[in-house]
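Novice: Need a 3D model of the following:
(chains A, B, C and D)
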Protein chains: 2
Amino acid sequence: MDLTSRKKRANLRDVARKAGVSVATASRVLNMPTAVSAKTRDRVQSAIDELRFVPSAAARAINSGRTRVIGALVPTLDNAIFARFLDAIENEMAQHALSVVVATTNNDPEIEVEKARNLLDIGAEGLIVSGVAHSPAFEALVQKTRIPVIATSCYEPAYALPTVGYDNRAAAQMALRHLVDLKHRRIAVLHGPAFNNDRTRARLAGLQALDLDVQLDLYEADITIAGACQAVAKILESGARHSALLCLSDVLAMGALFELQRSGLSVPDEVSVMGLEDLPSSSYTAPALTSVRLQVSEMGSRAAKALASWIETAEPPEPVLLAAELIPRQSTKAVEPA
Amino acid sequence: MDLTSRKKRANLRDVARKAGVSVATASRVLNMPTAVSAKTRDRVQSAIDELRFVPSAAARAINSGRTRVIGALVPTLDNAIFARFLDAIENEMAQHALSVVVATTNNDPEIEVEKARNLLDIGAEGLIVSGVAHSPAFEALVQKTRIPVIATSCYEPAYALPTVGYDNRAAAQMALRHLVDLKHRRIAVLHGPAFNNDRTRARLAGLQALDLDVQLDLYEADITIAGACQAVAKILESGARHSALLCLSDVLAMGALFELQRSGLSVPDEVSVMGLEDLPSSSYTAPALTSVRLQVSEMGSRAAKALASWIETAEPPEPVLLAAELIPRQSTKAVEPA
DNA sequence: TTGACTCTTGTAACTAGTTACATGCAATAA
DNA sequence: TTATTGCATGTAACTAGTTACAAGAGTCAA
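Specialist: Presented below is the predicted three-dimensional model:
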């Protein structure tokens, strides 16, 4: 606590003055220490310590033209899938010495533009977003500023931005085929909100496109354990009978599993339950959840790598298609011949 | 694509030149548009549009002395509790027009300092960290730079930094008392890694301090569904018998529930399972999980509010104690008199 | 002794904005 | 007609660093 109670942080000029050198020399101590004699270096270092000097990030950024910050726009973090995704992004970006600012959009395109604008405002050098359905304002913003943006969670080579993701249609079809192969013919499909969500719509479109000889009943639910439980409870109440429940997200599948157990229905003996995504916990539920594995963490690091390379090389990266894989476990089984 | 292929982004000087005004006027169009005549404003705006001018965040920051960025250091995002926590922080900070940079520490104090240093480097105006156990280097960094830091997940009025959290000792004791009240006398305690984790240690200390006439067997597991399943499988294999399983985290409790079901043990008839935290999904498991509610989202927004106020007013906030509450559900029941 | 060279340091011009102050002009009041 | 006032705008000095270039000192060889 010094009596002068200097209101402001010390800057390089203060350090230089105290050390009796020029700002240039003080700057060199920070950036090319070997170019300064040991004596001078020590004096400057002492001044830095005494004045508690911390270099200004903004001033550095203004010179380098780089902030080393990127933005990740995710629908929510209150869902294991996006949390895992962000975790992977953060880890990979740390490798490239880039920091990640999070912004949640709640799946609202208006909030998305607003937060994207804010990210640009604080100097983000690139963005990672979910899906390819964005507001015109968002697309205009991206085009106007020419900021590197990677769209994730889907693979769309034709889209204006590079995508890193999987084929949602095919993944959903893979799940449905598995159930159909197991002779299921009346299947309840539990999906997340389709509004403003191209991934959900792609998955549903995939199911419809297969055109197999099965009855598919669609039910929408919030992608939370609670949402799934409520939806399943409603389905059961309605008296509709299905031999299998296809959940277009593992979170929904887990909630469905709980609700079915609570209502005394045995999985898979009475109802098969199938997920999509394959979260790490899905192999540990009782019974373990059959699912289609989408590599969410891999997607996060690939998206991060792609964005980092775009920023470094100024060359937009190629789209990345991640494979989906059927992971059969105990929650599905063949329908017994009556 | 213009032929000159200007390598660099346009700056305010370019805009001013193109519009035939001074930089000051151009700057006014951005910051106090009413102080500029409509004619001039239009001309400047056209220049801005034509040159695709985007103001430099760094230059703005260098003048205001503010970056409007704060850092959140969390152990991992691959755990619902921290993801929810971060979600709440982000939402609250958006309210204060502050952006949140995430950094995961993996519970490693060395990584924590390194990432904290990086956050300061990019100009974070404040930090939110978990717990009060940090490396000396971290504490030195905080003291040297005098950056506002809020410590969360615990309530320690005596700690050097303001804390926002709950009384972990008391919360664990509340859980244990519930089981003891239900006549459980042989209890397995499943806890996360105690190394480098003061919250876990506080919870364990709380249990030990109660000194009730019960046998407590401690088992450590990774705080994941998988970790809990493996630990419970080992306990069962070992032949040790307990009438109740006290999990010091709901994630562990959920995994335990799965593993017990898989091994055919009925919850709560044969084993009671008790959690701690009360995640939103905990009320939906089958059976629903008895837990002690810690208000994680509330903690996130309170911590964010506290940090924002510290940054705005330069006054460190008061510590915040969040209440814990017993939430009895179906996963625990009284031991039958033999 | 002089030229060539390296090493260290300083001067000053950058980076991209904001803003205090000055100035010019027009409209209104005395 | 002159003084007052307000608005619009420009000049230039800030913010906090980096860095190209110049210059001085010291070492070494011819």
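
Novice: what separates A:Asp217 from A:Arg201, distance-wise?
Specialist: 17 Å (C-beta to C-beta, to the nearest Å). C-beta: built from backbone N, CA, C; applies to glycine.

Novice: Could you double-check that A:Pro319 lies in contact with A:Asp167?
Specialist: No - counting by C-beta atoms under 8 Å, A:Pro319 does not reach A:Asp167; the two are 11.3 Å apart.

Novice: where do the contact lists of these two overlap?
Specialist: Residues touching both A:Pro319 and A:Asp167 (C-beta atoms under 8 Å, 6 or more residues apart in numbering or on different chains) are A:Tyr155.

Novice: Now A:Ala140: which helix or strand?
Specialist: Assigned by DSSP states H and E, A:Ala140 falls within helix A:136-145.

Novice: Can you show me the CA trace of the helix or strand A:Gly165 falls within as PDB?
Specialist: Secondary structure from DSSP H and E places A:Gly165 in strand A:163-166. Taking C-alpha atoms only, strand A:163-166 is exported to PDB below (Å, rounded to 0.1, in the frame of the first residue of the first chain):
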ATOM      1  CA  THR A 163     -18.500 -28.000 -41.700                       C
ATOM      2  CA  VAL A 164     -17.100 -30.500 -39.200                       C
ATOM      3  CA  GLY A 165     -19.600 -33.100 -38.200                       C
ATOM      4  CA  TYR A 166     -21.400 -36.300 -39.100                       C
END
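
Novice: Which residue ranges of the stretch 51-200 of chain A form strands?
Specialist: A:69-74, A:99-104, A:127-130, A:149-152, A:163-166, A:186-191 (DSSP state E, counting those that start in this stretch).

Novice: Pipe the ones you listed into CSV and attach mean neighbour count per row.
Specialist: Shown next, in CSV, are these (neighbours: other C-beta atoms under 10 Å in any protein chain shown):
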stretch, mean neighbour count
strand A:69-74, 26
strand A:99-104, 25
strand A:127-130, 25
strand A:149-152, 28
strand A:163-166, 26
strand A:186-191, 22
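
Novice: Can you show me the helices along chain A?
Specialist: Secondary structure of chain A, counting by DSSP state H: helices at A:12-19, A:23-31, A:38-50, A:57-64, A:80-95, A:109-121, A:136-145, A:168-181, A:198-210, A:225-238, A:250-262, A:296-313.

Novice: for the record, mean pLDDT for the second one?
Specialist: Right, the one you point to is helix A:23-31. Helix A:23-31 shows an average pLDDT of 95 in the prediction.

Novice: before we move on, what about the longest one?
Specialist: Taken as a whole, helix A:296-313 has an average pLDDT of 97.

Novice: Around A:Ala97, how many other residues sit close by?
Specialist: Neighbours of A:Ala97 under the rule other C-beta atoms under 10 Å in any protein chain shown: 10.

Novice: meant to ask about A:Arg13
Specialist: Neighbour number of A:Arg13 under other C-beta under 10 Å is 11.

Novice: How about A:Pro33?
Specialist: By other C-beta under 10 Å, neighbour count at A:Pro33 equals 12.

Novice: Next, the contact list for it, please.
Specialist: Counting by C-beta under 8 Å, 6+ apart, A:Pro33 has contacts A:Arg41.

Novice: For it, give its distance to DNA strand D.
Specialist: 12 Å (C-beta to the nearest atom of the strand, to the nearest Å).

Novice: on that earlier part again, give me the more crowded residue out of A:Asp217 and A:Arg201.
Specialist: A:Arg201 (17 against 14).

Novice: which residues touch the more buried one?
Specialist: A:Arg201 neighbours (C-beta under 8 Å, 6+ apart): A:Ala194.

Novice: one more time with 10 Å
Specialist: A:131, A:133, A:168-169, A:191, A:194-195 (C-beta atoms under 10 Å, 6 or more residues apart in numbering or on different chains).

Novice: what do you get for A:Ile150?
Specialist: A:70, A:72, A:89, A:126-129, A:161-165, A:302-308, A:310, A:316-317, A:319-320.

Novice: Residues in a beta bridge with it, which ones?
Specialist: A:Ile128 (DSSP bridges).

Novice: Phi and psi next, for the residue of the stretch 151-300 of chain A found nearest DNA strand D.
Specialist: Of all residues in the stretch 151-300 of chain A, A:Pro162 sits closest to DNA strand D, at 30.1 Å by C-beta to the nearest atom of the strand. Main-chain torsions, A:Pro162, degrees, to the nearest 10: phi -70, psi 140.

Novice: burial measure for it, as a count.
Specialist: Neighbour tally, A:Pro162, other C-beta under 10 Å: 21.

Novice: picking that back up, go through the helices of chain A and pick out the most buried.
Specialist: helix A:250-262 (a mean of 25; mean count of other C-beta atoms under 10 Å in any protein chain shown).

Novice: just the angle between it and helix A:225-238, please?
Specialist: Counting by axes from the mean of the first three to the mean of the last three C-alpha atoms, to 10 degrees, helix A:250-262 lies at 50 degrees to helix A:225-238.

Novice: how far does helix A:250-262 sit from the chain's center?
Specialist: Taking C-alpha atoms, centre = their mean, to the nearest Å, the mean C-alpha location of helix A:250-262 is offset from the chain mean by 23 Å.

Novice: what does stretch A:137-153 give?
Specialist: 16 Å.

Novice: Alpha carbons of it, in PDB - could you do that?
Specialist: Extracted in PDB, the C-alpha atoms of stretch A:137-153 (Å, rounded to 0.1, in the frame of the first residue of the first chain):
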ATOM      1  CA  ALA A 137     -28.300 -11.300 -39.900                       C
ATOM      2  CA  PHE A 138     -25.800 -13.900 -38.700                       C
ATOM      3  CA  GLU A 139     -24.800 -14.800 -42.200                       C
ATOM      4  CA  ALA A 140     -24.600 -11.200 -43.200                       C
ATOM      5  CA  LEU A 141     -22.300 -10.500 -40.300                       C
ATOM      6  CA  VAL A 142     -20.000 -13.400 -41.200                       C
ATOM      7  CA  GLN A 143     -19.900 -12.400 -44.800                       C
ATOM      8  CA  LYS A 144     -19.300  -8.700 -44.000                       C
ATOM      9  CA  THR A 145     -16.500  -9.300 -41.500                       C
ATOM     10  CA  ARG A 146     -15.100 -12.300 -43.300                       C
ATOM     11  CA  ILE A 147     -14.400 -13.900 -40.000                       C
ATOM     12  CA  PRO A 148     -13.400 -17.600 -40.100                       C
ATOM     13  CA  VAL A 149     -16.400 -19.700 -38.900                       C
ATOM     14  CA  ILE A 150     -16.600 -23.400 -38.600                       C
ATOM     15  CA  ALA A 151     -20.100 -25.000 -38.500                       C
ATOM     16  CA  THR A 152     -20.300 -28.200 -36.500                       C
ATOM     17  CA  SER A 153     -22.600 -31.100 -35.700                       C
END
